[in-house]
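Participant: Take a look and give me a structure for this.
(chains A, B, C and D)
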There are 2 protein chains.
Amino acid sequence: MARRVGSDGVRTETAIRAAALRLIARHGYEALSMRRLAAEVGLGAAALYRYFPNKQEILFRLLREHMEELLAAWEPARLPDLAPAPARLEAFTRFHVRHHLPRAEGVFLSYMELRSLTRENFDAIEVLRRRYEGDLARILADGAADGTLFLDHARVTARAIIALLTGITTWYRAQGPLSPADVEDIYWNIVARMTGAELKEAA
Amino acid sequence: MARRVGSDGVRTETAIRAAALRLIARHGYEALSMRRLAAEVGLGAAALYRYFPNKQEILFRLLREHMEELLAAWEPARLPDLAPAPARLEAFTRFHVRHHLPRAEGVFLSYMELRSLTRENFDAIEVLRRRYEGDLARILADGAADGTLFLDHARVTARAIIALLTGITTWYRAQGPLSPADVEDIYWNIVARMTGAELKEAA
DNA sequence: CCTTGAATTGAACAGTTGTTCATTTAAACT
DNA sequence: AGTTTAAATGAACAACTGTTCAATTCAAGG
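Facilitator: Numbering: from 1, shown residues only, chains lettered A, B, ... in the order given. All right, here's what the predicted structure looks like:
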């Protein structure tokens, strides 16, 4: 058979993306077979090629859109460069936690499957990642320079912060005892202490 | 042909392990083909089955030995439970960095390829991982209890510390400007600040 | 020198892989 | 109603997958 009742290109593409994200997060990109992915969506394998020219492109678009979504969401959440560094850092930290918590699968992909990208596609993603990480490093450097934050090596500290924040998705479960807001608070406390930013509440 | 000149079981097994570690770290477990692995070592694919009963077992042994090596090395490096928590924490941090820095590929495997393990094998590794992480959580809890460390949520903080320390291997390059000793110092500073442990040097 | 056994092989098995293409169905437009 | 076009198909391709096994080569022990 061919075109089926009520079929719709946009809806199909969305379904493919969702299934691909879930399957790759669960079993890895290399383990993903086009037939399996198609079956998950209720299609024949050939149909996938209407939406993606090849398997690599599925991964690439998933990762690129994950990063673009991140940067687009960060833009309005960030504080201006003139704001005090500790406040900017708090905005960054809370934004990062809040944004990533409901996107565990995307986070997983974007630091587990980078190696499965072709050189070209990898570079494209890396540019976006660097922009985000650079923003944090800048905040830290500014704070260290004007004495509102205490740290050595802004770039290294930036990586450490991102690593510890991103690690949340490996253990956080929505069914667990901690609410997203709790996690946000706990991690802001950790980052604040780590950089000598003064906490609002007294210890 | 069959047995070749100067061939040696022990040496062959070592070569297989090394090649498997490198290939899996680079391309992932699922992407590893037995023929490719064998070729890397200069063997036919069938020869691998003298050393490993199947592909899964290669990954499992690699991961298990990585963890066992870690625990075995940690045992003599740790300070007694009676020692002050900040000193124990410093010992842990420095040990972790020093141990993992030259083992980037193993680290990679043991948190990227866990999902490729069968349920049974996964559980076996998880037991070892928990033992190590639990040790750190214990140090933090002890310090928080006797007032020598400052933190909320010892378990969460333990995870955060391990995440940030383990993240080092994703960016550290031996050819770069930082020596292993530099990295050790920088990260101990970070962890110390994060937990309110007093640094030996004044700021 | 002859036997034993460790080390390795090539060929075969039964699937699975990503991808292409001519063809078919059904929805949308005229 | 008829035409166009979006959506999906099944079959085929050539290559590759993990694994088994009888056969072979070589090193060591007696």
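
Participant: pLDDT score for A:Leu117?
Facilitator: A:Leu117 carries a pLDDT value of 97.

Participant: Looks like it contacts A:Phe60 (just checking).
Facilitator: Yes: in this structure, A:Leu117 is within contact of A:Phe60 by Cβ atoms under 8 Å, at 6.2 Å. Placement of C-beta: from N, CA and C, glycine included.

Participant: Find residues that contact each of those two.
Facilitator: Common contacts of A:Leu117 and A:Phe60, defined by Cβ atoms under 8 Å, 6 or more residues apart in numbering or on different chains, comprise A:Ile125.

Participant: Buried residues, the helix or strand harbouring A:Asp135. List them.
Facilitator: Taking DSSP states H and E as the criterion, A:Asp135 maps to helix A:119-146. Using 16 or more other Cβ atoms under 10 Å in any protein chain shown as the test for burial, helix A:119-146 gives A:121, A:125, A:128-129, A:132, A:135-137, A:139-144.

Participant: After that helix, which helix or strand is next?
Facilitator: By DSSP H and E, the next helix or strand past helix A:119-146 is helix A:154-166.

Participant: before we move on, back to that, just checking, what packs against the helix holding A:Asp135?
Facilitator: Counting contacts by 3 or more Cβ pairs under 8 Å, 6 or more residues apart in numbering or on different chains; DSSP states H and E, helix A:119-146 is packed against helix A:55-77, helix A:85-100, helix A:154-166.

Participant: and DNA strand D, which of the ones you listed is closest to it?
Facilitator: For the helices and strands packed on helix A:119-146, distance to DNA strand D was read as Cβ to the nearest atom of the strand. The smallest value, 13.7 Å, belongs to helix A:55-77.

Participant: quick one: average pLDDT of the closest one?
Facilitator: Computed over helix A:55-77, the mean pLDDT rounds to 98.

Participant: Quickly check: that helix near DNA strand C or not.
Facilitator: Yes: with Cβ under 7 Å from any atom of the strand as the measure, helix A:55-77 is seen reaching DNA strand C through A:Lys55, A:Gln56.

Participant: what does that helix contact?
Facilitator: The contact list for helix A:55-77, computed with Cβ under 8 Å, 6+ apart, reads A:16-17, A:20-21, A:24, A:29, A:32, A:34, A:37, A:52, A:91, A:95, A:99, A:103, A:106-107, A:109-110, A:113-114, A:116-118, A:121, A:124-125, A:128-129, A:131-132, A:135.

Participant: One more pass at 7 Å, please.
Facilitator: Contacts to helix A:55-77, defined as Cβ atoms under 7 Å, 6 or more residues apart in numbering or on different chains, come from residues A:17, A:20-21, A:24, A:29, A:34, A:52, A:91, A:95, A:99, A:106, A:109-110, A:113, A:116-118, A:121, A:124-125, A:128-129, A:131-132.

Participant: Run through the residues that contact A:Leu48.
Facilitator: By Cβ under 7 Å, 6+ apart, the residues touching A:Leu48 are A:Ile16, A:Met34, A:Leu37, A:Ala38.

Participant: Let me have these in TSV, adding neighbour count and pLDDT as columns.
Facilitator: Listed next are the contacts of A:Leu48 as TSV, based on neighbours: other Cβ atoms under 10 Å in any protein chain shown; pLDDT from 0 to 100:
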residue	neighbour count	pLDDT
A:Ile16	21	98
A:Met34	18	98
A:Leu37	21	98
A:Ala38	18	98
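
Participant: show me which of those neighbour DNA strand D.
Facilitator: A:Ala38.

Participant: which pair in the contacts of A:Leu48 spans the largest distance?
Facilitator: Spatial extent of the contacts of A:Leu48 (Cβ to Cβ) is set by the pair A:Ile16 and A:Met34 at 10.4 Å.

Participant: near chain B, which residues of chain A show up?
Facilitator: A:27-28, A:30-31, A:112, A:115-116, A:150, A:152-153, A:156-157, A:159-160, A:163-164, A:167, A:171, A:186, A:189-190, A:193-194, A:196, A:203 (Cβ under 7 Å from any Cβ of the partner chain).

Participant: I'd like to know how far A:Trp74 sits from DNA strand C.
Facilitator: Counting by Cβ to the nearest atom of the strand, to the nearest Å, the gap from A:Trp74 to DNA strand C is 32 Å.

Participant: Number of residues surrounding that residue?
Facilitator: Close neighbours of A:Trp74, defined as other Cβ atoms under 10 Å in any protein chain shown, add up to 17.

Participant: Next: A:Ala154.
Facilitator: A total of 20 residues lie near A:Ala154 under the criterion other Cβ under 10 Å.

Participant: Tell me the pLDDT of A:Ala45.
Facilitator: For A:Ala45, pLDDT reads 97.

Participant: OK, contacts around it?
Facilitator: Applying Cβ under 7 Å, 6+ apart to A:Ala45 gives the contacts A:Met34, A:Arg35, A:Ala38.

Participant: In what element of secondary structure is the last one found?
Facilitator: Secondary structure assigned from DSSP H and E places A:Ala38 in helix A:34-41.

Participant: so how far is that helix off the chain centroid?
Facilitator: On the basis of Cα atoms, centre = their mean, to the nearest Å, helix A:34-41 is displaced by 25 Å from the centre of the chain it belongs to.

Participant: which helices and strands does it pack with?
Facilitator: helix A:9-27 (3 or more Cβ pairs under 7 Å, 6 or more residues apart in numbering or on different chains; DSSP states H and E).

Participant: Kindly export stretch A:153-162 (C-alpha atoms) in CSV.
Facilitator: Extracted C-alpha coordinates of stretch A:153-162, given in CSV (Å, rounded to 0.1, in the frame of the first residue of the first chain):
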residue,chain,number,x,y,z
HIS,A,153,40.9,29.7,35.9
ALA,A,154,37.5,30.9,34.6
ARG,A,155,37.5,28.5,31.6
VAL,A,156,38.3,25.4,33.7
THR,A,157,35.7,26.4,36.3
ALA,A,158,33.2,27.0,33.5
ARG,A,159,33.7,23.5,32.3
ALA,A,160,33.4,22.1,35.9
ILE,A,161,30.2,23.9,36.4
ILE,A,162,28.6,22.7,33.2
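
Participant: Could I get the buried residue list for it?
Facilitator: For stretch A:153-162, burial by neighbour count (16+ other Cβ under 10 Å) applies to A:His153, A:Ala154, A:Val156, A:Thr157, A:Ala158, A:Arg159, A:Ala160, A:Ile161, A:Ile162.
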